[in-house]
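Enquirer: Next one to model:
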Amino acid sequence: MKYIASIDQGTTSTRCIIFNKQGEIVSVGQKEHEQIFPQAGWVEHNPEEIRQNTLEVIANARIKQNIGIPDILACGITNQRETAMVWNRKTGKPYYNAIVWQDTRVGKKVDELEKSIGSAWFKEKTGLPLATYFSGLKIQWILENVEGVREAAEKGEAIFGNMDTYTVWHLTGGIDGGLHLTDVTNASRTQLMNINTMEWEDEILEKLNIPKAMLPRIEPSSKVYGKIKSEPLRGVPLAGILGDQQAALVGQTCYAPGEAKNTYGTGCFMLMNTGTEAIPSKFGLLTTVAYQFDGQRVHYALEGSVAIAGALVQWLRDNLGIIKNSEDVQKLAESVDDNGGAYFVPAFSGLYAPHWNNNARGIIAGLTRYVNKGHIARAVLEATAYQTRDVLEAMEKDSGIEIKSLRVDGGMTVNELLMQFQSDIMDVEVIRPKMIETTALGAAYAAGMAVGFWKNFDDLTQNWGIDKTWESKMPSEKRDKYFKGWKKAIERSLDWED
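Expert: Residues are numbered from 1 along each chain as shown. Okay, here's the model as predicted:
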């Protein structure tokens with residue numbers, strides 16, 4: 001048997017999943033890493049911890065099923081996007097922790113640029129509005145606030161990467177000739193790459209005062225980049241890189257324009273394939289690169305990003321202690337018939353699509369003496385479904401395509417109450433595939449296609465199968481009433497911060 005390995009460097013953990021030709025999981029290694037909150041709105045990760053964890057999970061995945069290195073034909077990488085870091089090319093040491101995509105420390109800078117240049121200028125070039133979300137301003141913050149980094153960057157010693165680039169660099173040799181590269185999907189999330197040319201945009205680099213020498217080489221998402229030198233996969237071709245949400249689109253086999261998927265993880269991300277045309281959004285979505293296979297044209301997507309989905313369940317568990325384990329939320333929510341009039345807007349780090357309000361903050365609205373912890377648990381789950389409907393409506397307006405079914409994946413899709421409510425509130429069929437680990441699978445597909453393990457998209461599509469489908473059971477008057485309450489709650493969360 002021959003396999004493909006996939007490294008999934010996520011927001012809360014790093015995994016190595018080994019897949020067979022049918023796209024089935026053969027073995028998994030997983031390890032969580034620390035979430036660091038130095039002050040309100042700041043979120044960081046320790047890159048050294050993640051690097052060590054990556055090597056451990058690869059070794060664990062191989063050991064569990066006694067898989068030899070010669071049995072693995074290629075390795076792909078998928079990663080939390082926009083999480084940015086800068087490290088030294090000669091020592092391999094980070095200058096500062098990785099600044100996570102949810103971090104809001106560059107909020108004032110966003111406001112300044114909004115006034116001086118305007119979001120539209122950035123959006124036209126990169127497909128992205130000004131927001132705290134993307135990597136570019138995080139790099140600028142490190143250059144301006146961490147001693148010695150700017151000087152080192154100008155000498156070509158300090159180099160930047162999102163987590164894909166950092167992982168690739170270390171796996172392919174690190175200080176001993178490590179490859180400094182990224183793929184088009186990750187580059188498209190920096191707000192530094194021109195969405196039409198697939199090259200770093202000099203005008204933006206100049207305005208943000210970021211030395212071009214820091215930036216990695218931009219490559220297709222599926223291509224043999226080189227060989228891995230690290231022990232657990234020594235000699236295996238590294239052949240695929242995709243940002244996590246684009247990887248899920250590939251794993252869900254959404255290769256035709258108009259096909260859409262929604263991934264329920266720490267955040268929630270809906271992507272629709274728009275083919276080889278970049279569609280500018282008028283309704284608060286992002287225009288992003290979907291994927292590029294070697295020798296083929298770039299494919300684009302419209303994306304709606306929601307910052308807090310599964311993270312709200314973790315917050316209920318860790319900050320309030322209302323539940324002991326994340327999976328307990330469904331049982332608690334099922335203890336009541338509805339939300340009791342309570343709505344939870346989880347704008348912990350502002351609101352992303354389609355509102356793009358950095359100054360929004362989390363609120364619970366509609367509280368009465370009647371509301372109990374069951375209603376709160378239900379409001380927590382419903383928040384993800386409401387945010388998804390906001391994105392779906394924007395996507396239909398931008399694309400002119402009515403979405404009749406939505407493919408879903410990610411950890412929260414095991415929550416049947418949430419999936420039924422998702423279908424109810426959108427009046428759309430929700431389809432969960434047999435394989436919900438589509439993010440890791442997408443990176444495996446990219447790597448496997450590059451080495452000929454899978455021959456074409458038809459091979460991949462044949463692997464996709466349906467596990468369960470939900471259809472709406474909610475009367476339209478009830479749906480409208482619920483959604484009206486959500487809209488009122490959203491209005492009250494906007495511009496909470498001055």
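
Enquirer: got the CA positions of stretch 369-381 in CSV?
Expert: Written as CSV, here are the backbone C-alpha positions of stretch 369-381 (Å, rounded to 0.1, in the frame of the first residue of the first chain):
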residue,chain,number,x,y,z
ARG,A,369,-35.4,36.1,33.9
TYR,A,370,-36.7,33.1,31.9
VAL,A,371,-33.4,32.5,30.1
ASN,A,372,-31.2,29.7,31.6
LYS,A,373,-27.9,28.1,30.6
GLY,A,374,-29.7,25.8,28.1
HIS,A,375,-30.9,28.9,26.2
ILE,A,376,-27.4,30.3,26.3
ALA,A,377,-26.0,27.1,24.9
ARG,A,378,-28.6,27.1,22.1
ALA,A,379,-27.8,30.8,21.4
VAL,A,380,-24.1,29.9,21.1
LEU,A,381,-24.8,27.2,18.5
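
Enquirer: Any idea how far that stretch is from the middle of the chain?
Expert: How far stretch 369-381 lies from its chain's middle: 28 Å, per CA atoms, centre = their mean, to the nearest Å.

Enquirer: Ok, stretch 219-227 next?
Expert: That offset, for stretch 219-227, works out to 20 Å (CA atoms, centre = their mean).

Enquirer: What of stretch 318-337?
Expert: For stretch 318-337 - counting by CA atoms, centre = their mean - the centre lies 25 Å from the chain centre.

Enquirer: What lies in contact with it?
Expert: In this structure, residues lying in contact with stretch 318-337 by CB atoms under 8 Å, 6 or more residues apart in numbering are 310, 313-314, 316-317, 372-378, 380-381, 414-418. For glycine as for every other residue, the C-beta is placed from the backbone atoms N, C-alpha and C.

Enquirer: what helix or strand does the closest residue in space to Pro280 that isn't next to it in sequence sit in?
Expert: Using CB to CB, 6 or more residues apart in numbering and skipping the chain neighbours, the partner closest in space to Pro280 is Thr287 (5.8 Å). Using DSSP states H and E, Thr287 falls within strand 286-291.

Enquirer: where does Gly485 land in three-state SS?
Expert: helix (DSSP: H, G, I helix; E, B strand; the rest coil).

Enquirer: Check this protein for its longest helix and report it.
Expert: helix 373-399 (DSSP state H).

Enquirer: Tell me which other helices or strands it touches.
Expert: Applying 3 or more CB pairs under 8 Å, 6 or more residues apart in numbering; DSSP states H and E, one finds that helix 373-399 contacts strand 260-264, strand 268-275, strand 299-306, helix 310-318, helix 328-333, strand 343-345, helix 416-426, helix 476-493.

Enquirer: List the buried residues for the next helix or strand after that helix?
Expert: The first helix or strand that comes after helix 373-399 along the chain, using DSSP H and E, is strand 405-409. Buried residues in strand 405-409, counted by 16 or more other CB atoms under 10 Å: 406-409.

Enquirer: do stretch 168-182 as well
Expert: 168-174, 178-182.

Enquirer: What about the residues you listed, which are in strands?
Expert: 181-182 (DSSP state E).

Enquirer: any chance of the buried residues of stretch 168-182 in TSV, plus distance to Ala84?
Expert: Output for the buried residues of stretch 168-182, formatted as TSV (distance: CB to CB, whole Å):
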residue	distance to Ala84
Val168	15
Trp169	14
His170	16
Leu171	19
Thr172	20
Gly173	22
Gly174	19
Gly178	18
Leu179	18
His180	15
Leu181	16
Thr182	11
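
Enquirer: Check the buried residues of stretch 168-182 against Ser119 and report the nearest one.
Expert: Closest to Ser119 out of the buried residues of stretch 168-182 is Thr182 (24.1 Å), distances taken as CB to CB.

Enquirer: Who are the contact partners of that closest one?
Expert: Thr182 neighbours (CB under 8 Å, 6+ apart): 161-162, 164-165, 168, 216-219, 241.

Enquirer: Switch the buried residues of strand 405-409 over to CSV; also include pLDDT and distance to Asn262.
Expert: Putting the buried residues of strand 405-409 into CSV (pLDDT from 0 to 100; distance: CB to CB, whole Å) gives the following:
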residue, pLDDT, distance to Asn262
Leu406, 91, 6
Arg407, 91, 7
Val408, 93, 5
Asp409, 89, 8
